[in-house]
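**Q** sequence and predicted structure, then a few things I'm wondering about:
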Amino acid sequence: MSQRAKKKPNKGVVATIIVVAIILTVVLFPRRNCLLDGGTVIYRSIAFERLYQVEHRHRLYDEAGYVYYEKGYIVTLFGMEVFNNVYVDYNDGHSLEHPPEVEAMNKEIDRVLAIPNGD
């Protein structure tokens, strides 16, 4: 019976694999940005922002006195848009006009906070 000699991995190869794994983790790990436009969230690479971007769009959209939401995803690789399914959800809209009670309260607030013009 002959036993095969077990090869130990070369220290240089192990070090290279560890360094490559660390670099890929830093380059591909996402950074999350939340926008204050209705709920849009953008994910980008930590190291290189132009490497990739995934945008989960949930943005307020105003059209003809009504407010709707733009919804969907946009995926960008190396600055080029590769996927876009953003649409306007017309089923979830509401009027921009306020009820009379709210309008009366807003006028009262404006009157109380009005700065005298010195007359």
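**A** That came through, no problem. Because the structure is a prediction, the values reported are computed rather than measured.

**Q** how about Tyr69, nearest residue that isn't a chain neighbour?
**A** Asp89 (4.9 Å; CB to CB, 6 or more residues apart in numbering). The way it works is simple: take the backbone N, C-alpha and C, and place the C-beta from them, glycine included.

**Q** the one you found against Lys71, yeah?
**A** Yes - using CB atoms under 8 Å, Asp89 is in contact with Lys71, at 5.2 Å.

**Q** more neighbours: the two, which one.
**A** Lys71 (19 against 13; other CB atoms under 10 Å).

**Q** so for that one, what's the pLDDT?
**A** You'll see Lys71 listed with a pLDDT of 92.

**Q** elements contacting the host helix or strand of it?
**A** Lys71 belongs to strand 66-77 when elements are defined using DSSP states H and E. Contacts defined by 3 or more CB pairs under 8 Å, 6 or more residues apart in numbering; DSSP states H and E place strand 66-77 against strand 52-63, strand 80-84, strand 87-95.

**Q** contacting residues around that strand?
**A** 38, 51-62, 81-90, 92-96 (CB atoms under 8 Å, 6 or more residues apart in numbering).

**Q** three-state assignment of the spatially closest residue to Leu60 that is not a sequence neighbour?
**A** Spatially, and ignoring its direct neighbours in sequence, Leu60 is nearest to Gly38 (4.2 Å; CB to CB, 6+ apart). Here Gly38 is recorded as coil under DSSP: H, G, I helix; E, B strand; the rest coil.
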